[in-house]
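Enquirer: quick check, what structure comes out for this input:
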Amino acid sequence: MQIETGSIIALVLYFLILVVIGLVNYKSKEDLEGYVLGGRKLGPWVTSMSAEASDMSGWMLMGLPGYAYLSGVSAFWIAIGLALGTWANWSFIAKRLRIFTQVANNSITLPEYFENRFMDKAKKIRLASSIFIFIFFLIYTSASFVAGGKLFNTAFGLDYQWSLLLTAGIVVFYTLVGGFAAVCWSDFFQGGLMFFSVLIVPITAIYYIGGISQTISRLTIINPNYFNMFTDATGSSLSIIGIISLLAWGLGYFGQPHILVRFMAISSPKDIKQATKIAMTWVVISLFAAVMVGLVGRVYLGDVLVGTQSETVFMRMSSDFYSSFLAGIITAGILGAIMSTSSSQLLVASSSITTDFYKTLLRQNATVSELVIVSRLMVVVVAGLSLLLALNPDSMILEIVSYAWAGFGAAFGPLIIISLFWRKMTLNGALAGVIVGGVTVLLWKNFMGFTGLYEIVPGFIFSTIAIYIGSLMSKNPSREVTSKFDEAKFLYTAEENK
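Expert: Just a heads-up that it's a prediction; the model follows:
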């Protein structure tokens, strides 16, 4: 397939902007907080757009539309769960986490926060959480690379493996050079591209089909089950377990390190309110439009896409509708979805390895500049391992993401929530929650999949129970631990009363 000149120009401009963002944010001498959290200086617009762009990865423009293409409006159950989870995360977690992490010795990673929150001198909770961050980020980042491989292969006919390398190369470059600030500013730019792309494609498709009523009429003729929230496209009824599993995607938000780190980096807790409004507007509209892409695509393209091909519905329609330059812009929007997430994941994973393994176990006296260098090196290592997991072009993006999403949600979600709200939570309870939640997801996915229940549900429940029982069976937390909790709670209450 020949790549048209207009598309090449659009993509070159896109890549140049990312490179410039990386170079502008590059600092030859930078402390680890600056590289990992941008010095806690992000404003509400950049924080919210960065959080949502890194959240809604390639699965929003590829995986979710593909699911809707095959299943119909029942895909909205996922969208509803995600919207509710986003709202709850911003409303109940964001401000508390921003304040608590600063009170907890200015923690810059989640494992460091867990260690400082419970005064874990043996660093058990830090190491355990780092292991799960490493495992699930390898899986999650590989999903982004799969999406990039499918994008270039479908849009331009490039070899899948070369497409993987191209995607990873750009992401690694601006993550290495600019660190967290570059990642967040590039997410802000890419979030705008994603929003434009996910809106214009279904609107254009509806126009070509002949309007909304004609689109609905034709979709009903193709398959009347597409408009039933309680059946799939085959006419089979969705069970209660099926609906719960789809809605349960919302539980994952409370444990996603690459999203939570945005809350930690915002310049001031008072900016959370504005950021929440921006984030919710972006999320609700984008998720609705993503499902519409799949539904409209079924009318426009017919039944030509099967299996993993369904995840290319967005790209196939955009290549039909627009000039080569505008098609290139749309492609850049999909790339933005892919790269905004993978860059965030690479940075969080590398910073966790650096601070929670290298500094903690190997080089406790490492200099700041040494840690920044090691963190950049780990970006390359994690990217390389994720590439190996992404080599199979037949992998389903949404399936890979759902696995990693469940892992983070179950391992860290209950821990984050309870650590911010329960004064008597103990280190043993926290450690039990991380291990039980993470292991449950791994085991349920591989041995209990026949139940049809999304692994995040049992993982989240068992982790919560483990935290509660583990805390009750332990000695009460020390006065030093509870005083830090009280200090953070006081600052939060004061902030709320302003």
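
Enquirer: if you count neighbours, what's buried in stretch 343-361?
Expert: For stretch 343-361, the buried set under the neighbour-count rule, 16 or more other C-beta atoms under 10 Å, comprises 343-360. C-beta: built from backbone N, CA, C; applies to glycine.

Enquirer: ugh, wrong one, I meant stretch 80-96
Expert: Under the neighbour-count criterion of 16+ other C-beta under 10 Å, stretch 80-96 has 80-83, 85-87, 89-90, 93-96 buried.

Enquirer: avg pLDDT for it?
Expert: Model confidence over stretch 80-96, given as mean pLDDT, is 93.

Enquirer: residue contacts, Gly85?
Expert: Residues near Gly85 by C-beta atoms under 8 Å, 6 or more residues apart in numbering: 249-254.

Enquirer: using a markdown table, lay out those together with distance to Gly211, secondary structure and pLDDT.
Expert: Output for those, formatted as a markdown table (distance: C-beta to C-beta, whole Å; DSSP: H, G, I helix; E, B strand; the rest coil; pLDDT from 0 to 100):
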| residue | distance to Gly211 | secondary structure | pLDDT |
| --- | --- | --- | --- |
| Trp249 | 32 | helix | 90 |
| Gly250 | 33 | helix | 91 |
| Leu251 | 38 | helix | 93 |
| Gly252 | 37 | helix | 91 |
| Tyr253 | 36 | helix | 90 |
| Phe254 | 41 | helix | 94 |
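
Enquirer: got a quick ChimeraX command for the buried subset of those residues?
Expert: Selection command for ChimeraX covering only the buried members of those, criterion 16+ other C-beta under 10 Å:
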select :249,250,251,252,253,254
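
Enquirer: ok, the contacts of Gly85 vs Ala406, which is closest?
Expert: Taking C-beta to C-beta as the measure, Ala406 lies nearest Gly252 of the contacts of Gly85, at 6.5 Å.

Enquirer: so the closest one sits against Pro414, correct?
Expert: No: assessed by C-beta atoms under 8 Å, Gly252 is found out of contact with Pro414, at 11.7 Å.

Enquirer: Ile105 belongs to a strand?
Expert: I think there's a mix-up here, since residue 105 is Asn and not Ile. No: under DSSP: H, G, I helix; E, B strand; the rest coil, Asn105 falls outside any strand and is assigned coil.

Enquirer: how many residues are close by it?
Expert: Counted with other C-beta atoms under 10 Å, the neighbours of Asn105 add up to 14.

Enquirer: and the gap between it and Ala432?
Expert: Note on Asn105: its distance to Ala432, by C-beta to C-beta, to the nearest Å, is 23 Å.

Enquirer: repeat that for Phe263.
Expert: 25 Å.

Enquirer: kindly report the same for Asp159.
Expert: For Asp159, the distance to Ala432 (C-beta to C-beta) stands at 47 Å.

Enquirer: looking at those two, which one has more neighbours?
Expert: Comparing Asp159 with Ala432 by other C-beta under 10 Å, the one with more neighbours is Ala432, at 24 against 12.

Enquirer: so the more buried one touches Ile465, yeah?
Expert: No: with contact defined as C-beta under 8 Å, Ala432 does not reach Ile465; the gap is 9.1 Å.

Enquirer: distance from stretch 157-166 to the middle of the chain?
Expert: Put simply, stretch 157-166 sits 23 Å off its chain's centre (C-alpha atoms, centre = their mean, to the nearest Å).

Enquirer: cool, and stretch 152-159?
Expert: Its chain's C-alpha centre and that of stretch 152-159 lie 25 Å apart, by C-alpha atoms, centre = their mean.

Enquirer: and if you look at stretch 445-455?
Expert: On C-alpha atoms, centre = their mean, the centre of stretch 445-455 falls 22 Å from that of its chain.

Enquirer: and it, average pLDDT?
Expert: Per-residue pLDDT over stretch 445-455 has a mean of 88.

Enquirer: which stretches of the stretch 251-400 of the chain aren't confidently modelled?
Expert: 322-323, 336-337, 339-341, 344 (pLDDT under 70).

Enquirer: all the helices of it, residue numbers only.
Expert: For the stretch 251-400 of the chain, the helices defined by DSSP state H, counting those that start in this stretch cover 257-265, 272-301, 313-321, 324-353, 368-389, 397-421.

Enquirer: what packs against the last one?
Expert: Helices and strands touching helix 397-421, by 3 or more C-beta pairs under 8 Å, 6 or more residues apart in numbering; DSSP states H and E, are helix 64-71, helix 94-103, helix 110-117, helix 124-156, helix 257-265, helix 427-447, helix 456-472.

Enquirer: let's see that with 6 Å instead.
Expert: Counting contacts by 3 or more C-beta pairs under 6 Å, 6 or more residues apart in numbering; DSSP states H and E, helix 397-421 packs against helix 124-156, helix 427-447, helix 456-472.

Enquirer: would you mark the buried spots in the longest one?
Expert: Meaning helix 124-156. Residues 124-156 are the ones in helix 124-156 that count as buried (16+ other C-beta under 10 Å).

Enquirer: stretch 473-480 too?
Expert: 474, 477.

Enquirer: can you give me the end-to-end distance of that stretch?
Expert: One end of stretch 473-480 to the other measures 20 Å (C-alpha to C-alpha, to the nearest Å).

Enquirer: now Arg376: how far from Ala168?
Expert: In terms of C-beta to C-beta, Arg376 sits 15 Å off from Ala168.

Enquirer: between these two, which has more neighbouring residues?
Expert: Neighbours per residue, other C-beta under 10 Å: of Arg376 and Ala168, the larger number sits with Ala168, 24 against 18.
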